[in-house]
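Below: sequence and its predicted model.
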Amino acid sequence: KLASCFSLMLMAGTLSAVTLYFFATPIAEFYERETLIPMLQLLALNVGLSPFGTIVDSVLRRKMEFFPLTLCSLASSILSSAVMIYLAFSGYGAMSLVYGALAQTISYIVLIQAFRPSIVPRSPSLKHFGDVFHYSKYSGTSNIFGQLGNYSSELIVGKLYTMEILGFLSKANSVVTMFNKLFFDAMAQVISPLIASTKRSNNREVIRSIKTITNVQLNFAWPFFMLLGLLSDPVIYILLGEQWLEVTDLLIILCISRLGYSIFQHINPILMGLGLAKSVMRIEVASNISRITILLLTAHYGIEAMLISVAVVNTVLRTSMYLPLINSELQIPIKTYLSWLFKPLLCTFISISPVALTRTFAPEWQNNITLYIAVILLTMATWFVLLSKQPAAIVLKSIMGNFTNKN
């Protein structure tokens, strides 16, 4: 079956790479940017190479052996960053990003082979191709629509607005997705194999695991986005510089949108761990088609109107789809799931209240830097205390346990 997975990935990767290579020119013409052609054609190679490390990666993840994954990911990221910085200083411009992406993919594929489990096949096979395709058609469709939805706003704005406005949106998106980069992406890699392993060993513990995952997700997501929204201008100033302060309004809208999105963000990897890929596909297709439709319908009313409309419609739609699914597929009553949200919500409001009050009565942060540092430290201390009283404390205990063991 793993060999059949490898075959399917090779076919999909090759088809995607060839398609991207030959569509590079039409895409560049659509955006009226001829410089996109060599960039997209090189990135096609990146797409074609990706299957060669994916099976090893997936098997290690299923076995919950995260150390080699972390080691290879960190090493390839450092190499990629070094390549991009060197080429950028050498005058390669945007192409430095492309070469950096290639360096990361190639180095990761090479490094991960050192941890290759014996079960991973070295050659493709078609023996179980039908079974593999039957399952992956759901997860694959989910991923395709998920990626289209994630980048739809930038794709549409890039065509209908100026490159300056696209730059503002891109920067706002890059800041708000820090939560995924710093926390959720790592958490999501653990959720699916953890839920699958729990179901195999003790099916009764699945609900308890879902409750803990929900508590962890919301105790980290809600304070992050609330603080990011409240401190949008100092965050933009520190991370990007004074020239990007116009991004703050877009960032606030995106933070508010993410507060609703994060309520169910962790449900997808839970469903995947339980083998419910078809349910994930239905939600991703419906929510992202609606997202793209709303973006197109509101595109001429301004970028703020686009983002606000998507935030409202998508939050309502996802809530109406996820709650019945949680009840039917996960066997968790809606009232029970909603009750799980109370402690993270209370923790968030109490912990961020010092910052909220400071922003209300002393909005000029440049003139009150000492005060802002003090209230941020108070917020962090309050959050740690409140977190320690909830199931999410497992994260703190794990960190402290690793630290103690090292010492």
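All right, it came through fine.

The residue lying closest to Met64 once chain neighbours are set aside: neighbour count?
Among residues not flanking Met64 along the chain, Pro193 sits closest, at 5.3 Å (CB to CB, 6 or more residues apart in numbering). In this view, the C-beta of every residue, glycine as well, is placed from N, C-alpha and C. By other CB atoms under 10 Å, the residues close to Pro193 number 20.

Pro193 contacts Arg62, doesn't it?
Yes. Between Pro193 and Arg62 there is a contact under CB atoms under 8 Å: 5.2 Å.

Give the buried residues for the helix or strand in which Ala12 is found.
Under the criterion DSSP states H and E, the helix or strand holding Ala12 is helix 2-31. Counting neighbours by 16 or more other CB atoms under 10 Å, one finds that the buried residues in helix 2-31 are 2-9, 13, 17, 20-21, 24, 28.

Are there helices or strands packed against that helix, and which ones?
If contacts are counted by 3 or more CB pairs under 8 Å, 6 or more residues apart in numbering; DSSP states H and E, helix 2-31 sits against helix 36-49, helix 51-62, helix 129-160.

Please render those helices as a markdown table that adds distance to Ile270, mean pLDDT and mean neighbour count to the earlier fields.
Supplementary listing: the helices and strands packed on helix 2-31 in a markdown table, determined by distance: least, CB to CB, whole Å; pLDDT from 0 to 100; neighbours: other CB atoms under 10 Å:
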| stretch | distance to Ile270 | mean pLDDT | mean neighbour count |
| --- | --- | --- | --- |
| helix 36-49 | 28 | 91 | 18 |
| helix 51-62 | 15 | 88 | 19 |
| helix 129-160 | 14 | 83 | 16 |
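
Please identify which of these is closest to Pro117.
helix 51-62 (5.2 Å; CB to CB).

tell me the angle of the helix or strand just after the closest one relative to helix 51-62?
As assigned by DSSP H and E, the chain's next helix or strand after helix 51-62 is helix 66-89. Interaxial angle, helix 66-89 versus helix 51-62 (axes from the mean of the first three to the mean of the last three CA atoms, to 10 degrees): 140 degrees.

Any buried residues in helix 66-89, and which?
For helix 66-89, burial by neighbour count (16+ other CB under 10 Å) applies to Pro68, Leu69, Cys72, Ser73, Ser76, Leu79, Ser80, Val83, Met84, Leu87, Ala88.

for the record, mean pLDDT for that helix?
For helix 66-89, mean pLDDT is 92.

Packing partners of that helix?
By 3+ CB pairs under 8 Å, 6+ apart, helix 66-89 packs against helix 51-62, helix 95-112, helix 185-201.

Could you figure out how far that helix is turned away from helix 185-201?
In terms of direction (the same axes, to 10 degrees), helix 66-89 departs from helix 185-201 by 160 degrees.

Dump helix 66-89 to PDB, keeping only the CA atoms.
Presented in PDB, the C-alpha positions along helix 66-89 are these (Å, rounded to 0.1, in the frame of the first residue of the first chain):
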ATOM      1  CA  PHE A  66       9.100  13.600  15.700                       C
ATOM      2  CA  PHE A  67      12.800  14.100  16.500                       C
ATOM      3  CA  PRO A  68      14.100  13.100  13.000                       C
ATOM      4  CA  LEU A  69      11.400  15.200  11.400                       C
ATOM      5  CA  THR A  70      12.300  18.200  13.500                       C
ATOM      6  CA  LEU A  71      16.000  17.800  12.900                       C
ATOM      7  CA  CYS A  72      15.600  17.500   9.100                       C
ATOM      8  CA  SER A  73      13.100  20.300   9.000                       C
ATOM      9  CA  LEU A  74      15.300  22.600  11.000                       C
ATOM     10  CA  ALA A  75      18.400  21.800   9.000                       C
ATOM     11  CA  SER A  76      16.700  22.300   5.700                       C
ATOM     12  CA  SER A  77      15.100  25.600   6.800                       C
ATOM     13  CA  ILE A  78      18.500  27.000   8.000                       C
ATOM     14  CA  LEU A  79      20.100  26.000   4.600                       C
ATOM     15  CA  SER A  80      17.200  27.500   2.700                       C
ATOM     16  CA  SER A  81      17.400  30.800   4.700                       C
ATOM     17  CA  ALA A  82      21.200  30.900   4.100                       C
ATOM     18  CA  VAL A  83      20.700  30.400   0.300                       C
ATOM     19  CA  MET A  84      18.000  33.100   0.100                       C
ATOM     20  CA  ILE A  85      20.000  35.700   2.100                       C
ATOM     21  CA  TYR A  86      23.200  35.100   0.100                       C
ATOM     22  CA  LEU A  87      21.400  35.300  -3.200                       C
ATOM     23  CA  ALA A  88      19.400  38.300  -2.200                       C
ATOM     24  CA  PHE A  89      22.600  40.200  -1.300                       C
END
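
how far out from the middle of the chain is that helix?
Distance of helix 66-89 from its chain centroid, counting by CA atoms, centre = their mean, to the nearest Å, is 19 Å.

And stretch 319-338, by the same measure?
On CA atoms, centre = their mean, the centre of stretch 319-338 falls 23 Å from that of its chain.

coming back round to it: tell me which two of the buried residues of helix 66-89 sit farthest apart.
Pro68 and Ala88 (30.1 Å).

quick revisit: can I get the buried residues of helix 2-31 in CSV with distance to Leu296 and pLDDT?
Converted to CSV, the buried residues of helix 2-31 look like this (distance: CB to CB, whole Å; pLDDT from 0 to 100):
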residue, distance to Leu296, pLDDT
Leu2, 41, 87
Ala3, 42, 89
Ser4, 39, 90
Cys5, 36, 88
Phe6, 38, 89
Ser7, 37, 90
Leu8, 32, 88
Met9, 32, 89
Gly13, 30, 90
Ala17, 28, 93
Leu20, 23, 91
Tyr21, 28, 93
Ala24, 24, 92
Ala28, 22, 90
